[in-house]
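# got a sequence here, can you build the structure:
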Amino acid sequence: MPHETRPPRTSAPALNIVTWADAELDDDRTTLRVGHGPLPSAMHGAVGATGRELATIGAIGADLIRLPAGSGFQPHTHPGHHVLTVVGGIGTITYGGKVYETNAGQTYLIEGDVPHAVGAITDHVILAVGSPHMPVDHENRMAPVPYEEVIAPDGDLTCLICAVTALAPTKLHAEGCPHCPCATCVGVAP
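Residues are numbered from 1 along each chain as shown. Okay, here's the model as predicted:
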């Protein structure tokens with residue numbers, strides 16, 4: 001059987017290198033300095049949420065996302081999966097019936113079809129890598145789902161930060177939890 005060969009590539013595509021943080025190098029560590037201020041593009045789905053596309057080839061892309069303290073993205077799903085790395089501040093991820101605290105230096109994986117919510121306790125900056133990539137200002141970047149879709153199969157939602165549990169139909173804010181991911185609490189943008 002003859003071996004097929006590809007024609008030689010005449011030129012490589014341009015390499016896109018984007019600087020998104022200031023780096024300070026010492027002998028034994030690298031410190032990244034990430035600003036917590038608003039980014040250039042408004043994002044759909046959360047009051048005050050802003051973003052900046054860093055790089056994309058369409059099938060995959062990386063963005064910087066900033067949520068101001070007290071805001072968040074209500075329960076939602078999105079096309080494709082995300083790798084989220086917290087690079088600034090303190091936030092929350094609601095996933096599988098629990099609200100988790102997230103801090104700078106942490107990375108977590110989110111399957112796009114699993115309902116989840118993201119919140120900001122302080123100004124919160126996330127490096128998001130997604131496939132397929134959707135621009136930060138695209139209205140279809142996320143699809144809101146009902147609050148009930150982030151609760152556990154037994155009907156409760158537990159905040160691991162303040163050790164509060166709400167049984168459906170009661171929402172976390174009714175139990176005094178400031179980390180409730182419902183649309184009212186996170187300040188959903190119109």
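
# show me what counts as buried in the helix or strand bottoming out on mean pLDDT in the chain.
Lowest on mean pLDDT, DSSP states H and E among the helices and strands of the chain sits helix 183-186, with a mean of 90. Under the neighbour-count criterion of 16 or more other C-beta atoms under 10 Å, helix 183-186 has 183, 185-186 buried. Every C-beta, even on glycine, is put in place using the N, C-alpha and C of the backbone.

# what of stretch 165-183?
Quick answer for stretch 165-183 (16+ other C-beta under 10 Å): 166, 171-173, 177, 179-183.

# out of those residues, which one sits closest to residue 13?
Distance to residue 13, by C-beta to C-beta, is smallest for residue 181 among those, at 39.9 Å.

# was I right about residue 120 contacting residue 68?
Yes. Here residue 120 reaches residue 68: they are 6.3 Å apart, a contact under C-beta atoms under 8 Å.

# need the contact list for residue 76.
By C-beta atoms under 8 Å, 6 or more residues apart in numbering, the contact set of residue 76 is 45, 115-117, 142-145.

# now name the helix or strand holding it.
strand 72-77 (DSSP states H and E).

# can you name the next helix or strand after that strand?
That would be, after strand 72-77 and using DSSP H and E, strand 81-88.

# parallel or antiparallel, which strands does that following strand pair with?
strand 107-110 (antiparallel), strand 124-131 (antiparallel) (DSSP bridges).
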